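In: Fold the following and give me the result.
(2 chains)
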Amino acid sequence: MAVDESGLAFEHPLYDLMAKMPGLDVATSTVDKLLNWGARNSLWIFPMATSCCGIEFMAAAASRVDMDRMGTIVRGSPRQSDVMVVAGTITVKMAPRVLRLWDQMPEPKWCIAMGSCAISGDFYRDIYSVIPGIDVCIPVDVYIPGCPPNPEELMGGMLRLQEKVALRRAGLKAPIETRPETGGMIRPRIGRTRDAGRDPAIGAAQAQQAFTLDLTEPPDLVAGFAARAEAAKEAAAEAVAAAKEADAAKGSEA
Amino acid sequence: MSDPALTDPALTAEQRFVSLLRERFGLAVDAEPPPEGFVLAREQHVELARTLKALGYTSYLYVVASHWLATAAKGAVPADPEHYEVATGLRTVGAGTHVARWRVRLEMDQPLDSLVPLFAGADWQEREQYDLLGVVFAGHPDLRRLMMPEEWVGHPLRKDYAIETGHLPWR
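Out: Purely as a prediction, here's the structure:
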């Protein structure tokens, strides 16, 4: 007779054996630690990449970011995977297929919702064919907001999931993530894309060039860039001189 | 093609196409076609495609249907009932880049003859238009939904499509 995490008693031949043989539980706890370490560091990913988040996911798995060094190898089969990364918009037609693939993954399994579309549907939310977030049909462990999140954020999400896995396997309570709020989303306004320090003549010249499709370079555009480059050089020289003066003043004080 | 105007190398492909429409299909046109093409009668659709295919337009580019709601009479413009417009484009392969475009006007319950017997590539494109707008292509071998789920009700690109339709499992 053994007692599980929730305090309920249950019978299992293996646990009965452990209870009979003194010292065996100490030995198996070491094995448990090894297994936990292995489970945390070999979260194999099943990529459910349907749109642009999938591109960032590929970047995270490719050599520059190299998510593989965390043991998160990407598998093409749900049967060999531990984590499903839902990266992209899930349509009503796709959702039953995603659910089916999720059901084909063996326990224990986790799900990461990557990007605003997988989290809430984002701006496709009100379209007739898009589901409002993958968590309406799959329990999500980690939310990674972004549109799309960059590879580093995905790695951060994988690290959060690793912590979660370690806590759960150690019998502790892992924090439950809630779906990020979408109300406070920053939406770009047209006015904010303008650069205040930019000479308006440059924009006018660019627009003129675009409209006329004149392939020769307009002289005022080139002159504008040259003047800005000169001004930047002067500013940099002044900053260097000021820093030198400050250093000299400090040296004389010392 | 016995008609010399259809093969005259001095004319541009566009001019030859316009003369074909004028002389074979009885359209009272002489100018360049508008970018979306002239409107033909529904019965001339397959005949024009067959003629063009014989003239070298062997590449089936697109079929795009659009749905138009009924409009009331306004000034000199008469009232217009709800209808479809189906635009088709064919292209020559190799020789030049001319695209032959035309449109067909359909009332809501009228089917359009399918071009699948002439162009195998029309199969899925006509299925897509059927799926999203509900245009029925008569003689299509396999007119099923292509993009929406099989059990979907309604055609979402119609102008009168309610945005809440079909959300029930999720909202």
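In: the strands in the chain, which residues?
Out: In the absence of a named chain, chain A is used. A:2-3, A:9-10, A:45-49, A:83-87, A:110-114, A:142-144 (DSSP state E).
In: hmm, I had chain B in mind actually
Out: Secondary structure of chain B (DSSP E): strands at B:38-40, B:59-68, B:83-91, B:99-107, B:112-113, B:137-138.
In: what is the orientation angle of the second one with strand B:99-107?
Out: When axes from the mean of the first three to the mean of the last three Cα atoms, to 10 degrees is applied, the directions of strand B:59-68 and strand B:99-107 differ by 30 degrees.
In: Extract the CA atoms of stretch A:42-58 and return them as PDB.
Out: What follows is stretch A:42-58, C-alpha atoms only, in PDB (Å, rounded to 0.1, in the frame of the first residue of the first chain):
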ATOM      1  CA  SER A  42      15.200  16.100 -23.900                       C
ATOM      2  CA  LEU A  43      11.900  17.900 -24.700                       C
ATOM      3  CA  TRP A  44      11.400  16.800 -28.300                       C
ATOM      4  CA  ILE A  45       9.300  19.200 -30.300                       C
ATOM      5  CA  PHE A  46       6.500  18.400 -32.700                       C
ATOM      6  CA  PRO A  47       6.200  21.600 -34.700                       C
ATOM      7  CA  MET A  48       2.600  22.600 -35.500                       C
ATOM      8  CA  ALA A  49       3.800  25.500 -37.700                       C
ATOM      9  CA  THR A  50       1.100  26.900 -39.900                       C
ATOM     10  CA  SER A  51       2.200  30.500 -40.700                       C
ATOM     11  CA  CYS A  52       4.900  33.100 -40.100                       C
ATOM     12  CA  CYS A  53       5.600  32.000 -36.500                       C
ATOM     13  CA  GLY A  54       6.700  28.800 -38.100                       C
ATOM     14  CA  ILE A  55       9.500  30.800 -39.900                       C
ATOM     15  CA  GLU A  56      10.700  32.100 -36.600                       C
ATOM     16  CA  PHE A  57      10.500  28.600 -35.200                       C
ATOM     17  CA  MET A  58      12.700  27.400 -38.000                       C
END
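In: before we move on, back to that, hey, which of the strands of chain B is tucked in deepest?
Out: Each of the strands of chain B was scored by mean neighbour count; the highest is strand B:112-113, a mean of 22, by mean count of other Cβ atoms under 10 Å in any protein chain shown. Just so you know, the C-beta spots here come from the backbone N, C-alpha and C atoms, and that holds for glycine as well.
In: Other residues contacting it?
Out: B:42, B:45-46, B:86, B:104, B:106, B:135-139 (Cβ atoms under 8 Å, 6 or more residues apart in numbering or on different chains).
In: nearest to chain A, of those residues?
Out: Nearest to chain A among the contacts of strand B:112-113 is B:Val135, at 18.7 Å by Cβ to the nearest Cβ.
In: For the closest one, give me its contacts.
Out: B:65, B:84, B:86, B:106, B:111-112, B:129.
In: helices and strands around the lengthiest helix in chain A, which ones?
Out: Secondary structure of chain A per DSSP state H: the longest helix is helix A:219-253. Counting contacts by 3 or more Cβ pairs under 8 Å, 6 or more residues apart in numbering or on different chains; DSSP states H and E, helix A:219-253 is packed against helix A:200-212.
In: what's near enough to touch the residue in chain A that chain B sits nearest to?
Out: Closest approach between chain A and chain B, counting by Cβ to the nearest Cβ: A:Lys93, at 4.5 Å. Applying Cβ under 8 Å, 6+ apart, one finds that A:Lys93 lies in contact with A:129, B:147-149.
In: With B:Pro156 instead?
Out: With Cβ under 8 Å, 6+ apart, B:Pro156 has these contacts: A:128-129, B:132, B:148, B:165.
In: Would you mind listing which of these are buried?
Out: Those of these that meet the buried threshold are A:128-129, B:132, B:148, by 16 or more other Cβ atoms under 10 Å in any protein chain shown.
In: so of the residues you listed, which ones are in helices?
Out: Per DSSP H, the buried ones among the contacts of B:Pro156 map to helices at B:Leu132.
In: Closest to A:Ala49 out of the buried ones among the contacts of B:Pro156?
Out: Among those, A:Ser129 lies closest to A:Ala49 (Cβ to Cβ), at 18.5 Å.
In: That closest one touches A:Ile90, doesn't it?
Out: No. The criterion here is Cβ atoms under 8 Å, and A:Ser129 misses it with A:Ile90 at 10.1 Å.
In: how many neighbours does residue 133 have?
Out: You didn't say which chain, so I picked chain A. Other residues lying near A:Gly133 total 24 when counted by other Cβ atoms under 10 Å in any protein chain shown.
In: The chain in question should be chain B.
Out: The burial count for B:Leu133: 19, using other Cβ under 10 Å.
In: For B:Leu157, see how far away it is.
Out: For B:Leu133, the distance to B:Leu157 (Cβ to Cβ, to the nearest Å) stands at 5 Å.
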